[in-house]
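**Q** The sequence isn't on hand, but the structure is:
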């Protein structure tokens with residue numbers, strides 16, 4: 001354990017000095033023949049959970065919050081360092097429920113109808129539990145903006161129970177940007193135990209340039225939260241696998257617990273292979289796997305950076 005700890009300290013010290021991610025700094029070190037210098041794996045849990053569409057219904061908000069906390073406990077019991085939830089894990093507001101003209105006609109969302117106190121209370125309970133369990137928690141939610149439409153956001157809650165980052169969806173659908181939300185403006189990363197994580201939400205998953213940006217920012221893993229309440233959406237899983245392979249990074253895909261969509265939550269390897277997936281029957285559950293930092297993914301990133309400089313992209 002001492003060898004592992006000393007090795008990680010050396011890698012982290014370089015990362016802090018240079019601004020590199022953990023895996024970027026890792027390439028400057030070589031494991032011993034016995035493997036004693038290999039860094040410890042990072043255990044991650046990704047959730048598929050029930051998605052309700054009515055933020056005016058306090059009972060449904062309470063049910064969603066209770067389910068999130070149950071899955072947090074399962075993730076902590078499995079030894080996960082971080083648990084990642086899908087878009088709409090507490091609520092995925094329907095354009096018809098929120099329409100000021102609806103439900104038969106879609107118009108500007110009337111956010112005064114949402115039960116904001118209950119929503120905030122559920123988030124507060126989640127942050128408190130994150131501290132109690134000592135687990136990092138990435139939980140999407142609607143983020144209220146005074147006098148403006150809210151953001152569709154992801155909160156990053158540390159193992160100390162503090163919200164340390166927030167990402168706002170950028171690639172909003174036509175409905176979202178026209179009637180519902182204020183778009184986000186920038187990429188967001190955060191570091192845990194030397195690994196750098198990026199965040200993507202909703203239709204962000206369809207835009208490769210957003211993941212290229214995270215590649216340039218040194219993200220080792222991108223946490224993608226996506227909600228699907230109807231129709232088949234297997235292509236989202238294909239997109240996640242391709243993005244992982246194109247950027248030699250891990251992708252954690254958190255989705256709705258709904259077997260009719262053809263999607264299940266899972267984590268891909270940097271080669272675009274599923275390392276773990278939740279049950280295909282669509283029941284609320286988690287998938288757990290270990291991320292093992294390696295030099296291989298950094299080789300791909302270095303190659304892409306060098307090539308982009310050469311071709312001027």
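**A** Looks like it arrived, so ask away. Remember, it's a predicted structure, so these values are computed and weren't measured experimentally.
**Q** Give me the three-state assignment for residue 43.
**A** Classification of residue 43 by DSSP: H, G, I helix; E, B strand; the rest coil places it in strand.
**Q** Show me what it is bridged to.
**A** residue 290 (DSSP bridges).
**Q** Near it, how many other residues are there?
**A** Neighbours of residue 43 under the rule other Cβ atoms under 10 Å: 16. Placement of C-beta: from N, CA and C, glycine included.
**Q** for it, what are its contacts?
**A** Residue 43 is in contact with 78-81, 288-291, counting by Cβ atoms under 8 Å, 6 or more residues apart in numbering.
**Q** And for residue 101?
**A** Residue 101 sits next to 107-108 when contact means Cβ under 8 Å, 6+ apart.
**Q** Just the buried ones from the contacts of residue 43?
**A** For the contacts of residue 43, a burial check counting by 16 or more other Cβ atoms under 10 Å picks out 80-81, 288-289, 291.
**Q** Please tell me how far residue 109 sits from residue 102.
**A** Noted for residue 109: a distance of 9 Å to residue 102, by Cβ to Cβ, to the nearest Å.
**Q** where exactly do the helices run in the stretch 101-250 of the chain?
**A** Assigned by DSSP state H, counting those that start in this stretch, the helices in the stretch 101-250 of the chain fall at 116-133, 174-175, 208-216, 234-247.
**Q** Which of those helices sits closest to residue 146?
**A** Closest to residue 146 of these is helix 116-133 (Cβ to Cβ; 11.8 Å).
**Q** packing partners for that closest one?
**A** Other helices and strands packing on helix 116-133, by 3 or more Cβ pairs under 8 Å, 6 or more residues apart in numbering; DSSP states H and E, are helix 58-77, strand 136-145, strand 148-157.
**Q** Could you list the low-confidence segments of this structure?
**A** Counting by pLDDT under 70, the chain has low-confidence residues at 1-39, 295-299, 313.
**Q** how about 50 then?
**A** Low-confidence segments of the chain (pLDDT under 50): 1-4, 30-36.
**Q** residue closest to the middle of it?
**A** residue 223 (2.8 Å; Cα atoms, centre = their mean).
**Q** quick one: contacts for it?
**A** Going by Cβ under 8 Å, 6+ apart, residue 223 touches 84, 138, 154, 197-200, 252, 254.
**Q** Closest one of those residues to residue 266?
**A** So of those, ranked by how close each gets to residue 266 (Cβ to Cβ), first place is residue 252, at 7.9 Å.
**Q** correct me, but the closest one touches residue 220?
**A** No - in this structure residue 252 lies outside contact range of residue 220 using Cβ atoms under 8 Å: 11.2 Å.
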